[in-house]
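In: When you get a sec, could you give me coordinates for this:
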Amino acid sequence: MLTAARLGAAALAGALLAGVAAVPALADDPASPSPEASVSGSPSVSDSPSGAVSESPSGSASGSASGSPSGSASGTASGSPASSGVPAGLYGKGDPQYDGVWRQSLALLALHQEKVEPAEAAVKWLLDQQCADGGWPSYRVEGAACVPATEDSNATAMAVQALTVLGDHKEQVTRGTDWLRATQTVDGTWAYNPGTPGDANSTALAVNALLAAGLDPATTAVPGGQSAYRGLASFQLGCWTSAEQRGAYVYQPVAGAPAAPNTLASAQALLAAAGGHLPVTTADRKDAAPKALACPDTPGDGPVAHTDSAEADASWLTGRLAANGQRLLLDTPGAAATADYNATAWSVLGLVASGHAADATSAADWLAGNGYAWAAQGRSGTDPAAAATLVLTARAAKLDPYNFGGANMVQLLVDSGPKPKAGPTAGDPEATRAPGSAITEPDENSGFSAGWLIGVGLAVGVGATVLLSLNRRRHNQLAAAASAEHTPTGNASGEGTAGEQPEQHR
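Out: Down below sits the predicted model:
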């Protein structure tokens, strides 16, 4: 049944088609990234999933799903991909130099959640990327030596979570968490690469990994230093800031500059502040909306207490979602404020983990209706990090990743890598690898596919075109009759017949 929202969207699509004969955008943001902007791994602006150069696979400071820095030390010193293409065991066809371990770990996490047993080559590839000291680089060519400066806390944190859920890899997980503990700074934070200043995204991901491995971030600290939770809190804006900023996270504090909330940092920090990790399962539901940070009349400048941290962050994020059509926007300086799919997905994961699943519903629906282009239409085809993130997000929000806005995201992810040993064994027969053939009703999945919108828009557009044509023909007939009355033998000069006159007089 067509809802009012769908009819309105269809009418708009039809009007666009009739007026300019243009194909509607797959996302509802007119400035959303093109399909080419979905690919990860390249340092160029157009290749980042959110359309901007990113500083880490987590999207630190940018909103990228799986792109990485153009200027980061990671990846470059460990060799570049072989000229023959990406390794056979790796998911995705794009250059893995900046995100190989990140996307592989996300893919294994998502597929394990869906009870898909990956190929042995896929797991072996991830295991072989680990360095002797326990850390993982973003990517290193097979046989290349590890370079400690290129080891990456984001890749290590994600690999630890993936190997934890896969099981039978206790030694590698322990070495990974030992590396994280050894690279934690005295202020309790983590940097993307060791030896550089800590940032909120890297700290949050490290906390996720510690939690997944059964370690307590409240007590994890270098000798004489702050705990991991205290380090995470150092990036959160508290009572000393304006009310509209409280609860958000900055990427990194900048001395002498005003605090600026960072959307992706806030989204990724929420899962850690809530005590969660990947994959996210539904936590205890809270009936009330997230609580904004309560501040005294004379607020101090101390950090937000850990007991209030997740609630304050969730409150800020739900406010941003509500203000921007249930998706978050890219806030990289100098970049257009386009939809940030990655930050939106992480906000859903964090809201569910913090008990606010009901407040995540609309954002999850928006992703279902608009996320296909982000995941599937990169320059190198499917972006496995984006597809895996959507699979994890759909399941956390109790939607169907086998029919997420009409697309079978699980199969899309499976198809991007080596053939699995088993699965997927179940799925929605009406879903496709690409949206378009399935109409997803609100009771099945509140998001609706871009393909459905295009199909209805085409139908409305054809109808509108026919009406315009009939109206134009009637107008021309009247004009011709009037012309014949004044010039029976032809045009004003008396030359030619009506059929030889300019089109507007026929």
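
In: What segments of the stretch 301-450 of the chain are helices?
Out: Assigned by DSSP state H, counting those that start in this stretch, the helices in the stretch 301-450 of the chain fall at 306-323, 341-353, 357-370, 372-376, 384-396, 409-415, 450-486.

In: worst average pLDDT in these?
Out: Ranked by mean pLDDT, the helices of the stretch 301-450 of the chain bottom out at helix 450-486, with a mean of 46.

In: Could you count how many residues lie near G381?
Out: Residues near G381, counting by other CB atoms under 10 Å, number 17. Any C-beta I mention is one placed from the backbone N, CA and C, and that applies to glycine too.

In: How about D152?
Out: 32.

In: same question, K291
Out: Using other CB under 10 Å, the number of residues around K291 comes to 14.

In: for the one 3 residues further on, same thing?
Out: The number of residues packed near A294 is 11, by other CB under 10 Å.

In: and what of G143?
Out: Counted with other CB under 10 Å, G143 comes out at 7.

In: That one is in what secondary structure piece?
Out: Using DSSP states H and E, G143 is not contained in any helix or strand.

In: Equivalent analysis for D297, please.
Out: Using DSSP H and E, D297 falls outside every helix and strand.

In: I'd assumed A212 was in contact with G176.
Out: No: using CB atoms under 8 Å, G176 is not in contact with A212; the gap is 10.2 Å.

In: joint contacts of those two?
Out: Residues touching both G176 and A212 by CB atoms under 8 Å, 6 or more residues apart in numbering: V160.

In: which of those two has more neighbours?
Out: G176 (27 against 23).

In: give the contact list for that one.
Out: Counted by CB under 8 Å, 6+ apart, G176 has contacts 130, 134-136, 156, 159-160, 163, 209, 213.

In: cool, and L329?
Out: With contact taken as CB under 8 Å, 6+ apart, L329 is in contact with 263, 320, 337-340.

In: How about it: which residues does it bridge to?
Out: Judged by DSSP bridges, the bridge partners of L329 are A339.

In: Report the separation between it and T344.
Out: Per CB to CB, to the nearest Å, L329 is found 9 Å from T344.

In: wait, which of the contacts of G176 is closest to L349?
Out: Checking those against L349 by CB to CB gives A209 as the nearest, at 14.9 Å.

In: so where is this protein shaky, pLDDT-wise?
Out: 1-84, 283, 425-427, 435-506 (pLDDT under 70).

In: name the helices or strands packed onto the host helix or strand of D128?
Out: Taking DSSP H and E as the criterion, D128 maps to helix 120-129. If you count contacts as 3 or more CB pairs under 8 Å, 6 or more residues apart in numbering; DSSP states H and E, helix 120-129 packs onto helix 100-113, helix 153-166.

In: Report the inter-axis angle for the first one versus helix 384-396.
Out: Put plainly, it is helix 100-113. Note on geometry: by axes from the mean of the first three to the mean of the last three CA atoms, to 10 degrees, helix 100-113 and helix 384-396 are set 30 degrees apart in direction.

In: what inclination does helix 100-113 have with respect to helix 120-129?
Out: Relative orientation of helix 100-113 and helix 120-129, computed by the same axes, to 10 degrees: 140 degrees.

In: tell me which residues in helix 100-113 are buried?
Out: The neighbour-count check on helix 100-113 (16 or more other CB atoms under 10 Å) flags 100-113 as buried.

In: Equivalent analysis for the last one, please.
Out: Across helix 153-166, burial judged by 16+ other CB under 10 Å covers 153-164, 166.

In: Next, find the distance separating L317 from A431.
Out: Applying CB to CB to L317 and A431 gives a distance of 29 Å.

In: ditto for L163
Out: Between L163 and A431 the distance is 30 Å, computed by CB to CB.

In: With P290 instead?
Out: In this view, P290 and A431 are 32 Å apart by CB to CB.

In: Pick out whichever of those two has more residues nearby.
Out: In this view P290 and A431 are compared by other CB under 10 Å, and A431 has more residues nearby, 26 against 22.

In: Let me see the contact set for the more buried one.
Out: Neighbour list for A431: 400, 402-404, 406-408, 438 [criterion: CB under 8 Å, 6+ apart].

In: Who wins on neighbours among the residues you listed?
Out: Counting by other CB under 10 Å, top hit in those: F404 with 33 neighbours.

In: Surely that residue and N370 touch.
Out: No: the pair F404 / N370 is not scored as a contact, 10.8 Å apart, by CB under 8 Å.

In: Please identify the buried residues of the helix or strand that T174 is a member of?
Out: T174 is part of helix 170-183, with elements assigned from DSSP H and E. Using 16+ other CB under 10 Å as the test for burial, helix 170-183 gives 172-173, 175-177, 179-181, 183.

In: For the residues you listed, give me JSON lines that also has distance to L349.
Out: Shown next, in JSON lines, are the buried residues of helix 170-183 (distance: CB to CB, whole Å):
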{"residue": "Q172", "distance to L349": "24"}
{"residue": "V173", "distance to L349": "21"}
{"residue": "R175", "distance to L349": "26"}
{"residue": "G176", "distance to L349": "21"}
{"residue": "T177", "distance to L349": "21"}
{"residue": "W179", "distance to L349": "24"}
{"residue": "L180", "distance to L349": "20"}
{"residue": "R181", "distance to L349": "24"}
{"residue": "T183", "distance to L349": "25"}
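
In: From the residues you listed, pick the one nearest G85.
Out: When the buried residues of helix 170-183 are compared for distance to G85 (CB to CB), Q172 wins out at 26.3 Å.

In: separation between that closest one and D178?
Out: Applying CB to CB to Q172 and D178 gives a distance of 11 Å.

In: so can I have TSV of the helices and strands packed on helix 120-129 showing distance to K93?
Out: Listed next are those as TSV, based on distance: least, CB to CB, whole Å:
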stretch	distance to K93
helix 100-113	11
helix 153-166	19
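
In: Nearest to N324, out of the ones you listed?
Out: Comparing the helices and strands packed on helix 120-129 by CB to CB, helix 100-113 comes nearest, at 24.8 Å.

In: Alpha carbons of that closest one, as PDB, please.
Out: Extracted in PDB, the C-alpha atoms of helix 100-113 (Å, rounded to 0.1, in the frame of the first residue of the first chain):
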ATOM      1  CA  GLY A 100      42.900  -3.800   4.200                       C
ATOM      2  CA  VAL A 101      42.800  -5.100   7.800                       C
ATOM      3  CA  TRP A 102      39.900  -2.700   8.700                       C
ATOM      4  CA  ARG A 103      37.600  -3.900   5.900                       C
ATOM      5  CA  GLN A 104      38.600  -7.600   6.300                       C
ATOM      6  CA  SER A 105      37.800  -7.500  10.100                       C
ATOM      7  CA  LEU A 106      34.400  -5.800   9.500                       C
ATOM      8  CA  ALA A 107      33.500  -8.300   6.900                       C
ATOM      9  CA  LEU A 108      34.400 -11.300   9.100                       C
ATOM     10  CA  LEU A 109      32.400  -9.700  12.000                       C
ATOM     11  CA  ALA A 110      29.300  -9.200   9.900                       C
ATOM     12  CA  LEU A 111      29.400 -12.600   8.300                       C
ATOM     13  CA  HIS A 112      30.000 -14.400  11.500                       C
ATOM     14  CA  GLN A 113      27.000 -12.600  12.900                       C
END
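
In: what angle sits between that helix and helix 153-166?
Out: Inter-element angle recorded for helix 100-113 and helix 153-166: 30 degrees (by the same axes, to 10 degrees).

In: so what does helix 100-113 touch, helix or strand wise?
Out: If you count contacts as 3+ CB pairs under 8 Å, 6+ apart, helix 100-113 packs onto helix 120-129, helix 153-166, helix 384-396, helix 409-415.
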